[in-house]
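Visitor: Got a predicted model here, sequence first, then my questions.
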Amino acid sequence: MSEPPRSKIAGTPRSPQKRGGARGPGRPRGQRSEATQTRILDAAEQLFADRGYDGASIRDVASGAGVQVHAVGYHFGPKEALFDSVVARRASFMTQLRRQALEDLRGASGGAPIAIADLVRAYVTPFIESAGHGEPGWRNYAVLMGRLANSPLGTEIIAKHYDETARTYLDEFCRALPDARPAEIADGFLDTVAAMLSICARTGRAERLVGRTSPRHAARNIERLVRFQTAGFLALAAPDREKPE
């Protein structure tokens, strides 16, 4: 098995520059604008995570960011566009890391199918490491993505920002598991994503169930998830056995 791909987690991704031209030296107004955008995105991210899309208003976001209500619309447009920007900010960061990890694995494999454990690790590591490095925004984002994964609203927005990369990984899973049904591989992949989001949300339930006083380190969470999901994927390719009478 190849070494785990090393993702380069650099903290919170930069917020998009929505209005105005490129910043240059001596343009403090542009710097203030970017800082305002970041505050708005951070406040919206937390509110959407805590209350869901319908439970968070633009006025709530403005209050949380410490700006006037009109500033939210100026930088991001209507609520739907703001919500999309919140998801897109970290989705683009995840996509970059996951694609690079997959390219590294392809290069190391020399054209042979990539090991299932390596595929699982490459997909989940960037998200779990990001959520575990201490910046609270990533935990809010993990909670938000958990909400999206279980709501009609989430189908379209997840498809927009995540499906292209997910399909690329699914192609590799199918190459590695030629005897498994593609539909079952897709189900297993979604189970992996759900488990990843549950780990990152850090609700504390696992600690309460087993009496741990603190959550496990991110690296241990990753390797436990990799082992568990790898076994599940491999089971999909196992020959069907007759059920006992």
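Guide: Good, I have the coordinates. Predicted, not measured: the structure shown is a model, and the values here were computed from it.
Visitor: could you say which helix or strand contains Glu113?
Guide: Just so we're on the same page, residue 113 is Pro rather than Glu. Assigned by DSSP states H and E, Pro113 falls within no helix or strand.
Visitor: any idea how far Gln96 is from the nearest residue to it once chain neighbours are set aside?
Guide: Excluding the flanking residues, the one nearest Pro113 by C-beta to C-beta, 6 or more residues apart in numbering is Ala176, at 4.2 Å. C-beta: built from backbone N, CA, C; applies to glycine. Using C-beta to C-beta, to the nearest Å, Ala176 is found at 23 Å from Gln96.
Visitor: between these two, who's got more neighbours?
Guide: Ala176 (21 against 15; other C-beta atoms under 10 Å).
Visitor: Am I right that that one is in contact with Ala117?
Guide: No. Contact criterion C-beta atoms under 8 Å: Ala176 and Ala117 do not qualify, at 10.0 Å.
Visitor: Mind telling me what element the residue minimising distance to the centre of the chain is part of?
Guide: What sits nearest the mean C-alpha location of the chain, by C-alpha atoms, centre = their mean, is Phe127, with 5.1 Å. Phe127 is located in helix 116-132, with elements delineated by DSSP H and E.
Visitor: Dump that helix to CSV, keeping only the CA atoms.
Guide: Provided in CSV are the C-alpha atoms of helix 116-132 (Å, rounded to 0.1, in the frame of the first residue of the first chain):
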residue,chain,number,x,y,z
ILE,A,116,-9.1,1.0,-2.1
ALA,A,117,-7.5,2.1,1.2
ASP,A,118,-5.5,4.7,-0.7
LEU,A,119,-8.6,6.0,-2.5
VAL,A,120,-10.6,6.3,0.7
ARG,A,121,-7.7,8.0,2.5
ALA,A,122,-7.1,10.5,-0.3
TYR,A,123,-10.7,11.6,-0.3
VAL,A,124,-11.4,11.9,3.4
THR,A,125,-8.0,13.2,4.7
PRO,A,126,-8.3,16.8,3.5
PHE,A,127,-11.7,17.3,5.1
ILE,A,128,-10.9,15.6,8.4
GLU,A,129,-7.5,17.3,8.7
SER,A,130,-9.1,20.7,7.9
ALA,A,131,-11.9,20.2,10.5
GLY,A,132,-9.4,19.0,13.1
